[in-house]
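> let me see the structure of the following:
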Amino acid sequence: VKRYEITEVTPDRHIAEAMDKQAAAERHRREKVLEAEGEKQKATLESEGMKIKLQNESEGMLIKVQNEAEAEKTKLLLEAEGTSKAMILKAQAQAEAIKLIADRLQEAGGADAARLKLAGDYAEMYGEMGKASNTMLFQQNPGDVNALLAQAAAAFDAGKGGK
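The predicted model follows:
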């Protein structure tokens, strides 16, 4: 006999049960492997998504901070420029006023007008001090207008002599 043809093999009941259990265990193992791979892929994708989200938020915050800093810088520069121009204009106006006063002082009666203006300013200063406080210190004779004018004139002459 050289060849045999087996058409049906019927294993023993115990062997059939063992084979069924082995096949079920293999299916169960493959199911667990596929589940684990799915969980792993899910965790990886969630992690990458969170990473990208945090990176985008961080970049957004950086851009926001940079924009705010640039806006503050521009604001400060513009304010400084405005203050500088205002100071220059004020200094120019004061220089013109001083030149005008100096020219007027050289005219006839200019010194007398300056003395009168100083005396008026001096009296006005005492009035302002009286509004601000209920205690004031006066010179020896504050009611003497002539002494007040003389004191203002002395201050003017002292300033004039300092040239």
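> do me a favour and average the pLDDT over the helix or strand encompassing Asp121.
For Asp121, the host element (DSSP states H and E) is helix 110-132. Mean per-residue pLDDT for helix 110-132: 76.
> could we number from 123 for the rest of this?
Sounds good: first residue 123 from here, last item helix 232-254.
> elements contacting that helix?
Where contact means 3 or more C-beta pairs under 8 Å, 6 or more residues apart in numbering; DSSP states H and E, helix 232-254 is packed against helix 135-228, helix 267-283. Placement of C-beta: from N, CA and C, glycine included.
> by how many degrees do it and helix 135-228 diverge?
Taking axes from the mean of the first three to the mean of the last three C-alpha atoms, to 10 degrees, one finds that helix 232-254 is oriented at 130 degrees with respect to helix 135-228.
> alpha carbons only: can I get helix 232-254 in CSV?
Provided in CSV are the C-alpha atoms of helix 232-254 (Å, rounded to 0.1, in the frame of the first residue of the first chain):
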residue,chain,number,x,y,z
GLY,A,232,11.2,149.6,33.0
ALA,A,233,12.8,149.1,36.4
ASP,A,234,10.0,150.9,38.2
ALA,A,235,7.4,148.7,36.4
ALA,A,236,9.3,145.6,37.5
ARG,A,237,9.5,146.8,41.1
LEU,A,238,5.7,147.4,41.0
LYS,A,239,5.1,144.0,39.5
LEU,A,240,7.2,142.3,42.1
ALA,A,241,5.5,144.1,44.9
GLY,A,242,2.1,143.1,43.5
ASP,A,243,3.3,139.4,43.2
TYR,A,244,4.6,139.6,46.8
ALA,A,245,1.3,140.9,48.1
GLU,A,246,-0.6,138.2,46.1
MET,A,247,1.7,135.6,47.6
TYR,A,248,0.8,136.7,51.1
GLY,A,249,-2.9,136.5,50.1
GLU,A,250,-2.5,132.9,48.8
MET,A,251,-0.6,131.9,51.9
GLY,A,252,-3.5,133.3,54.0
LYS,A,253,-6.0,131.1,52.1
ALA,A,254,-4.0,127.9,52.6
